[in-house]
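1. Kindly return the folded structure for what I paste below:
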Amino acid sequence: MKRSGTADLPLHGGRVPPWLATRMTELGTAIAEHIVLEYGASEFLTRLSDPFWFQAFGAVMGMDWHSSGITTSVMGALKRGLTPRFAELGLMVCGGRGRHSIRTPDELRSFGAITGLDGEALARTSRLTARVDNNAVADGYQLYLHAFVVTRSGDWCVVQQGMNQENHSARRYHWHSATVRDFVSNPHTAIVGKPQGEILNLVDARATRAQHALLKIANEPVQASLSEARKLSMPAHHDVRAKDVDLKRLGAVLAVAHEQELRDFASLLLVEGLGPRTLQSLALIAEVVHGAPSRFSDPATFSFAHGGKDGHPFPVPLKTYDESLAVLRRSLEAAHLGNTERVQGFKRLDQLTRSVEAGHQPSLTSTKL
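-> Below you'll find the predicted structure:
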């Protein structure tokens, strides 16, 4: 079994203001619904288990592009938005921060009673992932957030985060059922961070003798490992700098948003009359919905959709945010009535942006709307 990735983040305090938390719930849920409609609930778990995609997802929702708070706010928004719609979307978010994380096993048992799945096995998986990251790998980070996302078919992913107060950083751990083989030997695809002295890793496959010695003392095995994975390490600076952004990709988004002919074409893919600022945000949202994993190496780019809570790269533009939400809602409402044209418009908008990025002039007459 492999962990799907990790992310190292500067430790930031503060709270998400209610006006942003509400919008994050609505936007995060709408993006998730688009992905579920197009690719299925299990694919949404695959996205969540990628630390780069997760960071871009939080940035496009208006959170600071690199801080530790992105994890708590994104998972809180998804729990508020997805769990009440489980019957429709097939996704349940259990756990959370602090006292909410302790309730995860009970929530999973209740989930099992509702769906007929083995809730006790899910609860055991939840405990194991937490114990591996909190106890088995002594890397200096103590967990304070544990979120378990599960589908009605039993696929799951875990997003959890630990804090190291000495170096003022947080480490986010991602797990995905698609990569699970064995909790007792080499479970992680990666654990990444700056060297801080010797790390005790009791679940490396080579630590068999140490494991056996421990088993004489305790009846419960403690196991995990270090290996290669999707790993994200965010810088300490709060502002967004040119080196943090793929300027070619961002330039393509701006070209689509501001070049008149491209703007008219892109607007028709979704709804006529979109201004360039809203279209810029929608192009980045479309990337989050349809982009391949390789497209999320620069999460800072996605902060140009709706800015950031603390004003980086700019304060959250509420009018643009609400216009983006309105377009997403209308497309989803139309899709539920059998008209998928606007939902598919997001995919074509993403394709248009990539075409411009690649240096190709898209055909503005041959594409079906």
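2. Could you check how far residue 140 is from residue 101?
-> Per Cβ to Cβ, to the nearest Å, residue 140 is found 19 Å from residue 101. (C-beta placed from N, C-alpha, C; glycine too.)
3. quick one, which of the two is more surrounded?
-> Counting neighbours by other Cβ atoms under 10 Å for residue 140 and for residue 101 shows that residue 101 has the greater number, 21 against 17.
4. Check which helix or strand that one maps to.
-> Here residue 101 sits within helix 99-102, counting by DSSP states H and E.
5. so how far is that helix from its chain's centroid?
-> Going by Cα atoms, centre = their mean, to the nearest Å, the spacing between the C-alpha centre of helix 99-102 and its chain's C-alpha centre is 20 Å.
6. avg pLDDT for that helix?
-> Helix 99-102 carries an average pLDDT of 92.
7. packing partners for the helix or strand just after that helix?
-> Moving toward the C-terminus from helix 99-102, the next helix or strand (DSSP H and E) is helix 104-115. Where contact means 3 or more Cβ pairs under 8 Å, 6 or more residues apart in numbering; DSSP states H and E, helix 104-115 is packed against strand 91-97, helix 119-131, strand 142-151.
8. Could you check the angle helix 104-115 makes with helix 119-131?
-> Note on geometry: by axes from the mean of the first three to the mean of the last three Cα atoms, to 10 degrees, helix 104-115 and helix 119-131 are set 150 degrees apart in direction.
9. and helix 104-115, which residues are buried?
-> For helix 104-115, burial by neighbour count (16 or more other Cβ atoms under 10 Å) applies to 104, 105, 107, 108, 109, 111, 112, 115.
10. pLDDT at the fourth one, what is it?
-> The confidence metric pLDDT takes the value 96 at residue 108.
11. for it, what are its contacts?
-> Taking Cβ atoms under 8 Å, 6 or more residues apart in numbering as the criterion, residue 108 is in contact with 94, 119, 122, 123, 126, 148, 150.
12. Chain neighbours aside, what residue packs nearest to the third one?
-> Which is residue 122. residue 108 (4.2 Å; Cβ to Cβ, 6 or more residues apart in numbering).
13. Quick check: residue 62 vs residue 25, distance?
-> 11 Å.
14. more crowded one of those two?
-> More crowded of residue 62 and residue 25, by other Cβ under 10 Å: residue 62, with 25 against 19.
15. Setting the sequence-adjacent residues aside, check what's closest to the more buried one.
-> Nearest in space to residue 62, with sequence neighbours left out and distances taken as Cβ to Cβ, 6+ apart, is residue 306 at 4.3 Å.
16. Count the neighbours of the one you found for me.
-> Using other Cβ under 10 Å, residue 306 has 29 neighbouring residues.
17. List the residues that contact it.
-> Residue 306 is in contact with 60, 61, 62, 281, 316, 317, 320, 321, 324, counting by Cβ under 8 Å, 6+ apart.
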